[in-house]
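>>> take a look and give me a structure for this.
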Amino acid sequence: MKSTCITLGMLLGTVAWADDSVGQLPRTTPPDHPAPDYPQKFGAGIIIGDPTGASLKLWLNDRLAVDGAVGWSSFDHSDLALHSDLLWHSFTLLPTPPAGQLPVYFGIGGQARLRDEHFDDEFGLRLPVGVSYLFDHAPVDIFVEVAPIIEMTPEIRGGLTAAIGVRYWF
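Below you'll find the model as predicted:
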């Protein structure tokens, strides 16, 4: 029960970073990098990799977002994997495609792997790096990311996760 409360606190805690500009998709990108024409602030979809399950994202302002995922981990004896990240987006690191946008993002967050009764739950720090493609005329994005992990419990060790996904924007 204690690990479940810690995990929920970790996932929900990053939303506290929100300010008055919550809900805006990127709108202050340079003139040659226009924002997508859909105003939705919340996206939900699927993620495949580590974890495989549901993916959520909420834009806090034109460059900052909170994302998270819940699903199954490919890690041994993991019943449930959760993560949540605070992400900073750059719309100018990669060339802009003819349609849509291609922001690169960097972030910091937490990860939990809740394991069966024979193994200790694991909690750690994530440092995700990814790229997403925001379509111009459809409320959909696709993304790919890798995240170095520093596991803090039950022992300190490193790792790496990777995933791809798609989200629909509401």
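
>>> what are the ranges of the strands in the protein?
42-49, 52-59, 64-72, 78-90, 104-115, 122-126, 129-134, 140-153, 157-169 (DSSP state E).

>>> wait, which of those is closest to Pro97?
strand 129-134 (7.4 Å; Cβ to Cβ). C-beta coordinates here come from the backbone N, C-alpha and C atoms, glycine included.

>>> could you give me the average pLDDT of the closest one?
The average of the pLDDT scores along strand 129-134 is 96.

>>> stretch 154-170 now?
Rounded mean pLDDT across stretch 154-170 is 94.

>>> now that stretch: how far from the chain's centre is it?
7 Å (Cα atoms, centre = their mean, to the nearest Å).

>>> quick one on the thing from earlier: tabulate the strands of the chain (a markdown table), appending mean neighbour count.
Output for these, formatted as a markdown table (neighbours: other Cβ atoms under 10 Å):
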| stretch | mean neighbour count |
| --- | --- |
| strand 42-49 | 18 |
| strand 52-59 | 19 |
| strand 64-72 | 21 |
| strand 78-90 | 20 |
| strand 104-115 | 20 |
| strand 122-126 | 19 |
| strand 129-134 | 20 |
| strand 140-153 | 17 |
| strand 157-169 | 16 |
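
>>> distance to Pro97 for these - can I get that in CSV?
Formatted as CSV, those follow (distance: least, Cβ to Cβ, whole Å):
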stretch, distance to Pro97
strand 42-49, 19
strand 52-59, 20
strand 64-72, 20
strand 78-90, 15
strand 104-115, 13
strand 122-126, 27
strand 129-134, 7
strand 140-153, 12
strand 157-169, 17
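
>>> looking at these, which is closest to Pro98?
That would be, of the strands of the chain and by Cβ to Cβ, strand 129-134, which comes in at 11.9 Å.

>>> circling back to that earlier point, out of the strands of the chain, which is closest to Thr96?
strand 129-134 (10.6 Å).
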